[in-house]
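> coordinates for the following, if possible.
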Amino acid sequence: MTDPTYILAIDQGTTSTRAMIFDQHADVVAVDQIEHQQIFPRAGWVEHDGIEIWDNTRKVIGGALSKANLNSGNIAAVGITNQRETAIVWDRRTGQPVYNAIVWQDTRTQKIVDELAANGGVERYKKTCGLPLATYFSGPKVRWILDNVEGAREKAEAGDLLFGNTDTWVLWNLTGGAEHDGVHVTDVTNASRTMLMDLSTLDWDESIAADMGIPTSMLPEIRSSSEVYGECRPGVLKGTPVSGILGDQQAATFGQACLEKGMAKNTYGTGNFMLLNTGTEQVPSENGLLTTVCYKVGDQEPVYALEGSIAVTGSLVQWIRDNLGLITSAPEIEQLALTVEDNGGAYFVPAFSGLFAPHWRPDARGGLVGLTRYVNKGHIARAVLEATAFQTREVLDAMNADSGVPLTELKVDGGMVVNETLMQFQADILGVDVVRPKVAETTALGAAYAAGLAIGYWDSTADITANWGEDKRWKPQMDERERERLYRNWRKAVTKTLDWVDDDVE
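Next comes the predicted model:
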């Protein structure tokens, strides 16, 4: 009798890297997770150490296998999901990054963005790549590294440097790195977040790359989200195929079984990301959303999505904990919020990196408004949680306007969905049901599904739908007049954070 086999998913996220092992019923067999350092060299700059991320990846793979008492013979395939838009540039000969990874939240590239927008505005490339010009995306970050790291541009033009989001960095190292000629590949979902890929051809757009001053020799090959890219070379998974890659939000959409046109999910993580499956049709947004690739399974047609990206949600709780010391652990935010009945008139707009969807205002900065002597730390805790729900309402309204078909329920996942107070307020402020699945960490599960489908571990996407199960549902309980009063005040609070960054501020 042969030992049972499983799928291992690597989830390389903004604050941590984890390995999760799943069985055929999508049940979690084991998980191991390690946080990595958040590096803030200057205001608005956010970096990660690429070598630390790779070291942690190896550790969590070993940790998950050890916890489950498994070895490489028990793992049928590996899937990768990752923080998107976080750019790493490294030397193909040494395997060393030439600079820290520049994180998706980083705003240092605003001058590059302004320079590119001077000819054609912020929507200069939107018809091609589905994205407005913004510091959020990978392309300008690569340009910044080439312009600011000594010798980098010369090495890039000589063909010695490689670029990738963290999926590509992890895959390249898993499949051998510098020593064994690692596979330099990304998938369509990650490529669609660089500003460099044509959404229609699913290939790099050479003219945009030229405008940004990025040699195409640096760019990874674009492949589907579910196919065999190569095998693990060194380490405990040697010989195991790597056969799935999905950017984290697309992976969560896949794991949530949002496989039909019109289905949507919202992930509550470092930031919030709502995706609406639009099928094989690219839907251009008129309301501040992004058009992106949702997934592509093997040779099948690509599936597209509308996305609303919110920069700061869970990281606001982290900020309250680490920068202010108001709580000592993230779960305490709910306990503190429950010491009061409402927000006391306080609204927290966490525009730490400007505002993303649907505003796209890089000039905004965070604000805590509506303060009176009555407000205490319980009210501030509640305002922190409510900020996530209000920002989600803004995105949902934009999505309804773009799609023309109002959502009747919202599937939710991610770390914050264990917060019952937040989930109830989310249902209240949206006026629709909020539904949590049995497996709340659907990001890793989506990557596992992509990897398993490529090797026949699962027969079809019908298995994904069959495995999905509802855990809990929150129904709106708030009076509609109160809902709209709170939301009106939120929108007023947002206006107080705009036009904060002046032209003479770096």
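> what's the pLDDT at I320?
Reading off the confidence values, I320 has pLDDT 92.
> okay, and it sits in which element?
Applying DSSP states H and E as the criterion places I320 in helix 314-322.
> counting by contacts, list what the helix or strand following that helix packs against.
Heading C-terminal from helix 314-322, the first helix or strand you meet, by DSSP H and E, is helix 332-337. Judged by 3 or more C-beta pairs under 8 Å, 6 or more residues apart in numbering; DSSP states H and E, the packing partners of helix 332-337 are helix 314-322, helix 377-403, helix 420-430. Every residue, glycine included, has its C-beta placed from N, CA and C.
> direction included, what does whichever helix or strand comes after helix 332-337 pair up with?
Helices and strands here follow DSSP H and E; after helix 332-337, the next one along the chain is strand 347-349. Here strand 347-349 is paired, per DSSP bridges, with strand 367-369 (antiparallel).
> run through who's touching the strand it pairs with.
346-349, 351, 380, 383, 493, 496-497 (C-beta atoms under 8 Å, 6 or more residues apart in numbering).
> make it 6 Å
347-349, 493, 496-497 (C-beta atoms under 6 Å, 6 or more residues apart in numbering).
> cool, and stretch 320-327?
Residues outside stretch 320-327 that contact it (C-beta under 6 Å, 6+ apart) are 333, 377, 384.
> so which of those residues is the closest to P302?
Nearest to P302 among these: V384, at 37.6 Å, using C-beta to C-beta.
> show me the contacts for I333.
I333 makes contact with 317, 327, 381, according to C-beta under 6 Å, 6+ apart.
> going by distance to R436, which of those wins?
Once C-beta to C-beta is applied, the member of these that ends up nearest R436 is V317, at 18.1 Å.
> contact partners for the closest one?
V317 makes contacts with 330, 333, as judged by C-beta under 6 Å, 6+ apart.
> and the pLDDT at it?
If you check V317, the pLDDT there is 93.
> just put the helices and strands packed on helix 332-337 in CSV and tack on distance to D502.
As requested, the helices and strands packed on helix 332-337 are exported to CSV (distance: least, C-beta to C-beta, whole Å):
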stretch, distance to D502
helix 314-322, 24
helix 377-403, 25
helix 420-430, 33
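> how is T81 assigned, secondary-structure-wise?
strand (DSSP: H, G, I helix; E, B strand; the rest coil).
> quick check: it touching D248?
Yes: between T81 and D248 there is a contact under C-beta atoms under 6 Å: 5.1 Å.
> what residues do these two have in common as contacts?
In terms of C-beta under 6 Å, 6+ apart, T81 and D248 are both contacted by the residues T443.
> okay, the two: which has more neighbours?
Neighbour totals were compared for T81 and D248, and T81 leads with 38 against 28 (other C-beta atoms under 10 Å).
> looking at this structure, which helix or strand does the model trust least?
The weakest-scoring helix or strand in the chain, judged by mean pLDDT, DSSP states H and E, is helix 461-467 (a mean of 88).
> between the strand or helix carrying Y487 and helix 420-430, how many degrees?
For Y487, the element it lies in under DSSP H and E is helix 480-495. For helix 480-495 against helix 420-430, the angle by axes from the mean of the first three to the mean of the last three C-alpha atoms, to 10 degrees is 100 degrees.
> tell me what helix 480-495 is packed against?
Helices and strands touching helix 480-495, by 3 or more C-beta pairs under 6 Å, 6 or more residues apart in numbering; DSSP states H and E, are strand 347-349.
> if we use 8 Å, what do you get?
If contacts are counted by 3+ C-beta pairs under 8 Å, 6+ apart, helix 480-495 sits against strand 347-349, helix 377-403, helix 420-430.
> follow-up on the earlier one: I'd like the contacts of I333 laid out as CSV, including distance to V170.
Listed next are the contacts of I333 as CSV, based on distance: C-beta to C-beta, whole Å:
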residue, distance to V170
V317, 27
I327, 32
A381, 36
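> of those, closest to G415?
Closest to G415, out of all of these and judged by C-beta to C-beta, is V317, at 9.4 Å.
> neighbouring contacts of stretch 124-135?
Residues contacting stretch 124-135 (C-beta under 8 Å, 6+ apart): 106-110, 113, 116-117, 121-123, 137, 140, 192-200, 205, 208, 282, 284, 290-292, 353-354, 356, 360, 362.
> give me the buried positions along the helix holding I320.
Neighbour counts over helix 314-322 (16 or more other C-beta atoms under 10 Å) mark 314-317, 319-321 as buried.
> ditto for stretch 258-277
Judged by neighbour count using 16+ other C-beta under 10 Å, the buried positions of stretch 258-277 are 258-259, 261, 263-277.
> and stretch 74-94, by the same measure?
74-90, 92.
> average model confidence for stretch 487-506?
On average, stretch 487-506 scores 85.
> roughly how far is it from the heart of the chain?
Its chain's C-alpha centre lies 24 Å from the corresponding centre of stretch 487-506 when counted by C-alpha atoms, centre = their mean, to the nearest Å.
> also stretch 43-56?
16 Å.
> name the residues that touch that stretch?
Residues outside stretch 43-56 that contact it (C-beta under 8 Å, 6+ apart): 12, 16-17, 34, 36-41, 86, 88, 90, 96-97, 100-103, 105-108, 166, 169-170, 173, 353.
> among the buried residues of stretch 74-94, name the ones in strands.
75-82, 88-90 (DSSP state E).
> go through the buried residues of stretch 258-277 and flag which are in helices.
Among these, no member falls in helices (DSSP state H).
> inside strands: which ones of these?
264-268, 272-277.
> could you list the low-pLDDT ranges of this protein?
Confidence mapping of the chain against pLDDT under 70 gives the ranges 1-3, 503-506.
> tell me which element the closest residue to N400 other than its chain neighbours falls in.
Take N400 and drop its neighbours on the chain: the residue closest to it by C-beta to C-beta, 6 or more residues apart in numbering is P406, 4.6 Å away. Assigned by DSSP H and E, P406 belongs to no helix or strand.
> same question, T372
Taking DSSP H and E as the definition, T372 sits outside all helices and strands.
> residues contacting it?
Per C-beta under 8 Å, 6+ apart, neighbours of T372: 344-345.
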